[in-house]
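A.B. asks: Kindly generate the corresponding structure for this input.
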Amino acid sequence: MNGTNQAVIHALAILDCLGTRKTAQHLIDIAQAVHLPESTTHRLLASLAAKDYIQQNSRDLTYRLGWKVAMLARAFDDGVWLIQSIRPYLQQLVRQVGRSANLAVLQGDHVVPLDCVLPEKPGVALYTWPGTSFPVYATALGKILLAGFPPNELDSVLAKLTLNTYTASTITDPTRLRQVLMEARERGYAINYGEFIPEERCIAAPITDGGGATVAAISITARTSELTPELEPNVIAAVTSLARQASEALFGPSSAS
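C.D. replies: Numbering: from 1, shown residues only. Alright, predicted model coming up:
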């Protein structure tokens, strides 16, 4: 298969093997299961063990999955929990506003949608595919997630961003971007005026934990013609109110000052 690394493929095959066996496995059993020489299998096992993806029993020298795999599974469960917990609020947001609602998280210098709920009226529905990624500085979701950083940390984050131009409205000046983020932090929501996709507008608010840290964001997305300045106040009120309700329901009242 073009573009793949065989060592990685073999290592993943070993994890698959250990993950589907009910008991710990000896080296010879693993090597036979993944169709590799014992010497190659042993090197791969040693590498996986060094990163805690597997562990070896010192008494009988058998191998089983390590604690790092459990951590990854927990992270996946947490993501599923977040989607399931926030979805009722997205549905309520769609009922109130009649436009598409999204849930997203920050991943590096991109924002990644986790869920999208559409209005029943197909003409106004804009679907955002979960798992895709968008530049964090050119979206309302991304901007409110960035705004959640403390000011001293934000400068370090912004210094690592490459501000490319996507539309005539994209903010590519670092000073201007920082100002916009500080304004979003102060007022509790961010707006995207066609900065990534022309003629598309988005209003986003943060989901915060009990300490006030931003863990995710929700938004309303619509075409500019369907989210006019006259409608903005009502949409802002709905997004911020439901984001606050979701935050308190999931994490309790914020203790941040």
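A.B. asks: which ones are touching the residue nearest the centre of the chain?
C.D. replies: Nearest to the mean C-alpha position of the chain, by Cα atoms, centre = their mean, lies Val105 at 3.3 Å. By Cβ atoms under 8 Å, 6 or more residues apart in numbering, the contact list for Val105 reads 82, 111-112, 114, 145, 215-217. Placement of C-beta: from N, CA and C, glycine included.
A.B. asks: at 10 Å what do you get?
C.D. replies: By Cβ atoms under 10 Å, 6 or more residues apart in numbering, the contact set of Val105 is 79, 82, 111-114, 141, 145, 207, 214-217.
A.B. asks: Check Leu90 too.
C.D. replies: Counting by Cβ under 10 Å, 6+ apart, Leu90 has contacts 83, 100-103, 115-118, 218-220, 242, 246.
A.B. asks: can you do 7 Å?
C.D. replies: By Cβ atoms under 7 Å, 6 or more residues apart in numbering, the contact list for Leu90 reads 101, 103, 115, 117, 218.
A.B. asks: In strands only, show me those residues.
C.D. replies: Those of the contacts of Leu90 mapping onto strands are 101, 103, 115, 117, 218, per DSSP state E.
A.B. asks: and the least confident of the residues you listed?
C.D. replies: Among these, Asp115 has the lowest pLDDT, at 90.
A.B. asks: Report the buried members of the ones in strands among the contacts of Leu90.
C.D. replies: Applying 16 or more other Cβ atoms under 10 Å to the ones in strands among the contacts of Leu90, the neighbour count classes 101, 103, 115, 117, 218 as buried.
A.B. asks: For Asp77, report the pLDDT, please.
C.D. replies: Looking at Asp77, its pLDDT reads 68.
A.B. asks: should've said Thr228
C.D. replies: Predicted confidence (pLDDT) for Thr228: 87.
A.B. asks: swap in Leu231?
C.D. replies: Taking Leu231 on its own, its pLDDT is 91.
A.B. asks: And the one helix or strand in the chain whose mean pLDDT sits lowest, what's buried?
C.D. replies: Lowest by mean pLDDT, DSSP states H and E among the helices and strands of the chain is helix 67-97, with a mean of 83. For helix 67-97, the neighbour count (16+ other Cβ under 10 Å) marks 69, 82, 86-87, 89-90, 92-94, 96-97 as buried.
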